[in-house]
Structure formats: C-alpha cells, structure tokens
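**Q** My questions are about this predicted structure, shown below with the sequence.
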Amino acid sequence: MSATVSPALHQATGSGAAQVEVHFEPMLDQHLDAVAALEQRAYPHPWQRRHFADCLGAGYQAQRLMAGELMLGYFVAMKGVDEVHLLNLVVAPEYQRQGWAQVMLDALALWARGQGAQWLWLEARASNTRAVHVYKAHGYRLVGTRRNYYPAENGQREDAVVMSLKLVNAV
C-alpha cells in the first residue's frame, strides 16, 4: 500500500506542529523488533513479536505509518471472502490524539475496497473506551459482545466489543 498524506505532526517534544510528509510502508520481518517494542509501550496486554511474525507469514495486510524513519503506528488486517478483519491498530503513545488512527482507518478502508470487501470488522476491549470512540467516529457500529474474549489482569478475562463498518464501493 502506498499513500502519502501531510497532516500536522505534533512533536512529542512540545515544539508545536510541523508539516511532515507521512507514508505507509509494508511491515516486514526486519521491522518486527521495533513493532513489538511499540506494541509493548502502547498496550497493557500487547501482542508478542511472534504474533506479528505469524500474521506476516499468513500474508495478512500489515502496514506501518511512517514519518521519515519515525514509526507513528501500524495496522494488521486479515482479508476474508467479502470482508476485512482489523486485528491490530496502534498509534505510538506520543502521537495519539492527533488523528493518525483516522488516517490508518481511511487507508485500511481504501485497501479493503480495492480487495472487494463489503465490510470491515474489529474487536476492541470493552474497557478501551477511547478506541471505541475513535471507531464510532469513523462510522463503525456496535454489533455485539464477545464474552471473556481478552486476557486481563490476575488471570481474569475481559469482554470484546464487536464493531463493523459497511463499505461503500465507488462505481
């Protein structure tokens, strides 16, 4: 997937906004250490490096959002017959709340349409209200709950919110 966007990138250093060209790059094996390190910083229950390696091995769509050599985030998605399932989407903590998740969701929808998908699906932790809000703002609808889907603290389990987005294909 190749795309270039130029929204303002608010530096984590507090130096204000700077125009920076960003682009998507395929996630490759040589990126997995950096991806896994970002995942560890972003989530209390992160994927392990092997999960990303398995996704790459299975041929899933995995893209990194880059600003030069800086990784702002990434997503991993699995194509089905007429749908795409978003498995993981992360924005680096220091670049959250700047619209980068929306950029990745737009890119994912564009790619999914190009694959002939009619639907996008995802699960989010029920406790991850910020992510659920982002998905709702992007047009995803709550369609159900997967009980005890995610591992949680102290051997407990947490429900997943299941959401979907109907894709409208251009004619």
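**A** Yep, it's here. Numbers count the residues shown, from 1 in each chain.

**Q** which stretches of the chain form helices?
**A** 32-42, 49-57, 100-114, 129-137 (DSSP state H).

**Q** Name the stretch among the ones you listed that sits most buried.
**A** helix 100-114 (a mean of 19; mean count of other CB atoms under 10 Å). Where C-beta positions appear, they are placed from N, C-alpha and C, glycine not excepted.

**Q** who does that helix touch, helix- and strand-wise?
**A** Judged by 3 or more CB pairs under 8 Å, 6 or more residues apart in numbering; DSSP states H and E, helix 100-114 is in contact with strand 61-67, strand 70-79, strand 83-91, strand 119-125, helix 129-137.

**Q** could you redo the ones you listed as CSV and give each row mean pLDDT and distance to residue 103?
**A** As requested, these are exported to CSV (pLDDT from 0 to 100; distance: least, CB to CB, whole Å):
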stretch, mean pLDDT, distance to residue 103
strand 61-67, 98, 7
strand 70-79, 98, 9
strand 83-91, 98, 9
strand 119-125, 97, 15
helix 129-137, 95, 11
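
**Q** Output these in CSV, with distance to residue 161 appended to each entry.
**A** CSV is the format used below for the helices and strands packed on helix 100-114 (distance: least, CB to CB, whole Å):
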stretch, distance to residue 161
strand 61-67, 22
strand 70-79, 18
strand 83-91, 13
strand 119-125, 5
helix 129-137, 6
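
**Q** For residue 150, name its beta-bridge partners.
**A** residue 158 (DSSP bridges).

**Q** Repeat that for residue 146.
**A** residue 160.

**Q** What count of nearby residues applies to it?
**A** Neighbourhood size, residue 146 [other CB atoms under 10 Å]: 13.

**Q** Let's have the helices of the chain in JSON lines, adding distance to residue 151.
**A** Compiled in JSON lines, the helices of the chain are given as follows (distance: least, CB to CB, whole Å):
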{"stretch": "helix 32-42", "distance to residue 151": "15"}
{"stretch": "helix 49-57", "distance to residue 151": "13"}
{"stretch": "helix 100-114", "distance to residue 151": "23"}
{"stretch": "helix 129-137", "distance to residue 151": "17"}
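
**Q** Residue 158 is nearest to which of those helices?
**A** Across the helices of the chain, residue 158 has its closest neighbour in helix 129-137 (12.6 Å, CB to CB).
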